[in-house]
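Asker: Following is a predicted model, sequence given first.
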Amino acid sequence: MKPYRASHQSTIKAGWYENIVYGPLSYDSYLWEEEKKILDLELRFLLKKNSNPHYLDFACGTGRVIGHLERRVAESVGVDISEEMLDGARLKLAHSEIIRGDLTRADMLPGREFDLVTAFRFFLNAEPELREESLLVLARKLADGGALIFNIHGNTWSFRFVMVLWYRFIKGRRLNHLSYWKVKKLLERYGFAIERLYGIGVVPKPLYRFLPRFIFRVIDGLWTLIPSSKYFSYNLIFVCTRA
């Protein structure tokens, strides 16, 4: 298996990400619709404290997240290691600075701090060493009072657990997964505190192709009414500050 740093450095991979993973009727596109609501809510919280926030999208890929937020912040910067993924971002972004590079290897943003940092679809599949290197860098780049927002799109204690067992014993492959508690310990090692946690997704992903999207919304909406249900949702969104 390729190291995660090299995993998205091809035109085929970038096209697959844009057209298949986030195709108009995909499960991940459904999750993205819900993630946008959370990002909008968190940006409103931030704007109450800081009307001109500076924003960094770490591992920005094709610009999905930064493209949603760039017009509402004072400055937006997207950083990614893959030129092929950034080619997609350049087609979408109108107001953002785009930088190709690996912040864990070289600081392309010397002396700069950010009030908002996002890192979506990164930590789940990154190797443990890369996760730690990235959190060390992001802790240095996050301004006092700023927020780090990222997701884990494969919570161990959701239907992901069944998928992990299926892949291991039937397909002979490893499927990445992380739990809230494991992420919490990792964050604490690098001086982060979890301010808020959101959970999306309770219906198993394989059923998405057979059921209308509105059914997922209804079930997810009812699921969130159950105390502590977010800890067992498929997609976890963490909002963190420096402790």
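Answerer: Cool, got the structure.
Asker: so what's residue 54 up against?
Answerer: 73, 74, 75, 77, 112, 113, 114, 115, 116, 143 (Cβ atoms under 8 Å, 6 or more residues apart in numbering). Using the backbone N, CA and C atoms, a C-beta is placed for each residue, glycine as well.
Asker: try 7 Å this time
Answerer: Going by Cβ atoms under 7 Å, 6 or more residues apart in numbering, residue 54 touches 73, 74, 75, 114, 115.
Asker: And residue 177, by the same measure?
Answerer: 154, 156, 160, 164.
Asker: part of a strand, is residue 79?
Answerer: Yes: under DSSP: H, G, I helix; E, B strand; the rest coil, residue 79 sits within a strand.
Asker: Now residue 208: closest residue in space that isn't a chain neighbour?
Answerer: residue 27 (4.3 Å; Cβ to Cβ, 6 or more residues apart in numbering).
Asker: Buried ones in the longest strand along the chain, by neighbour count?
Answerer: As assigned by DSSP state E, the longest strand anywhere in the chain is strand 142-153. The neighbour-count check on strand 142-153 (16 or more other Cβ atoms under 10 Å) flags 142, 143, 146, 147, 148, 149, 150, 151, 152, 153 as buried.
Asker: right, and out of those residues, which lies closest to residue 18?
Answerer: residue 153 (16.4 Å; Cβ to Cβ).
Asker: Distance check, the closest one against residue 45.
Answerer: Distance of residue 153 to residue 45, given as Cβ to Cβ, to the nearest Å: 23 Å.
Asker: With residue 134 instead?
Answerer: Relative to residue 45, and taking Cβ to Cβ, residue 134 is found at 24 Å.
Asker: of these two, who's got more company?
Answerer: Set residue 134 next to residue 45 and count neighbours by other Cβ atoms under 10 Å: residue 134 wins out with 21 against 12.
Asker: three-state assignment of the spatially closest residue to that one that is not a sequence neighbour?
Answerer: Sequence neighbours aside, residue 104 is the residue nearest to residue 134 in space, at 5.8 Å (criterion: Cβ to Cβ, 6+ apart). Of the three states, residue 104 takes coil under three-state DSSP.
Asker: So residue 104 is in contact with residue 132, correct?
Answerer: No: using Cβ atoms under 7 Å, residue 104 makes no contact with residue 132, being 9.4 Å away.
Asker: quick one: pLDDT of the residue positioned nearest the centre of the chain?
Answerer: Geometric centre of the chain, nearest residue: residue 120, 1.6 Å, by Cα atoms, centre = their mean. Looking at residue 120, its pLDDT reads 98.
Asker: likewise residue 25?
Answerer: pLDDT at residue 25 comes out at 87.
Asker: quick one on the thing from earlier: so which bits of the next helix or strand after the longest strand of the chain are buried?
Answerer: The helix or strand immediately downstream of strand 142-153 is helix 160-166, counting by DSSP states H and E. Buried residues in helix 160-166, defined by neighbour count with 16+ other Cβ under 10 Å: 160, 161, 163, 164.
Asker: want to throw these into CSV with distance to residue 203 and pLDDT?
Answerer: Putting those into CSV (distance: Cβ to Cβ, whole Å; pLDDT from 0 to 100) gives the following:
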residue, distance to residue 203, pLDDT
160, 12, 95
161, 15, 95
163, 13, 93
164, 17, 94
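Asker: Distance-wise, check residue 24 relative to residue 33.
Answerer: 11 Å.
Asker: Please apply the same query to residue 92.
Answerer: Residue 92 is 17 Å from residue 33, by Cβ to Cβ.
Asker: Who has more neighbours out of the two?
Answerer: Between residue 92 and residue 33, residue 92 has the larger neighbour count (other Cβ under 10 Å), namely 16 against 11.
Asker: isn't the residue nearest to the centre of the chain right up against residue 152?
Answerer: No: here residue 120 does not reach residue 152: they are 9.9 Å apart, not a contact under Cβ under 7 Å.
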